[in-house]
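S.K.: I'll drop the sequence and a predicted model, then ask my questions.
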Amino acid sequence: MLNEGDIAPDFTTKDQNGNAVKLSDFKGKRVVLYFYPKDDTPGCTKEACSLRDSFDIFEEKGIKILGVSTDDEKSHQKFITKYNLPFDLLADTEKEIVEAYGVWGEKNMYGKKYFGINRTTFLIDADGRIVKIFKKVKVDEHADEVLEAFGEK
């Protein structure tokens, strides 16, 4: 499990348009790396829209937002289009990133056990170090908590 103060594991994957994205490409910028279970589901939509609604502030402060789920590029494109999301969503279909960040695990819903993404957000500083980990995300207020943790609110 990763801890605050650790160097964020680098990765390469594809965004919603099939473009290669490497975390290390953002060295020198602060990054919000948020992991969410599934495109276009109620909690994930609220979280994405919270970040969308504050996107101008993130841009103004030079903070990059990257969403990650195990959905594919086509699913991400639909989600972005439907909710007018202005940031990239990364496809981790091989589950390499979710494993590296320790957010893939057993879940329990309505008495059924299954494996999936535990909603978690990592705030990464300009040097690539994890400065804050949100394990309990308040989907409606997430943008505010992130900005506050970065000292921008």
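M.R.: Looks like it arrived, so ask away.
S.K.: neighbours of residue 65, just the number please.
M.R.: 23 (other C-beta atoms under 10 Å). In short, each C-beta sits where N, CA and C put it, glycine included.
S.K.: how about it, secondary structure?
M.R.: strand (DSSP: H, G, I helix; E, B strand; the rest coil).
S.K.: and for residue 87, nearest residue in space, chain neighbours not counted?
M.R.: residue 65 (4.0 Å; C-beta to C-beta, 6 or more residues apart in numbering).
S.K.: likewise for residue 26?
M.R.: Residue 26 sits nearest to residue 64 (C-beta to C-beta, 6+ apart), 5.4 Å away.
S.K.: shouldn't that neighbour be in contact with residue 25?
M.R.: No: using C-beta atoms under 8 Å as the test, residue 64 is too far from residue 25 to be in contact (9.6 Å).
S.K.: these two: who's more crowded?
M.R.: Higher neighbour count among residue 64 and residue 25: residue 64, with 17 against 12, using other C-beta under 10 Å.
S.K.: next, the contact list for the more buried one, please.
M.R.: 26, 29-32, 58, 87 (C-beta atoms under 8 Å, 6 or more residues apart in numbering).
S.K.: next step: those residues restricted to strands.
M.R.: 30-32 (DSSP state E).
S.K.: this structure: strands as residue ranges?
M.R.: Using DSSP E, strands in the chain cover 12-15, 20-22, 30-35, 63-69, 88-91, 104-109, 112-117, 120-124, 130-134.
S.K.: tell me the pLDDT of the residue most central in space within the chain.
M.R.: For the chain, the residue nearest the mean C-alpha position is residue 34 (1.7 Å; C-alpha atoms, centre = their mean). For residue 34, the pLDDT comes out at 97.
S.K.: show me the beta-bridge partners of it.
M.R.: Beta-bridge pairing for residue 34 (DSSP bridges): residue 67, residue 121.
S.K.: distance of it from residue 110?
M.R.: Going from residue 34 to residue 110 by C-beta to C-beta, to the nearest Å gives 25 Å.
S.K.: stretch 51-67: end-to-end distance?
M.R.: 10 Å (C-alpha to C-alpha, to the nearest Å).
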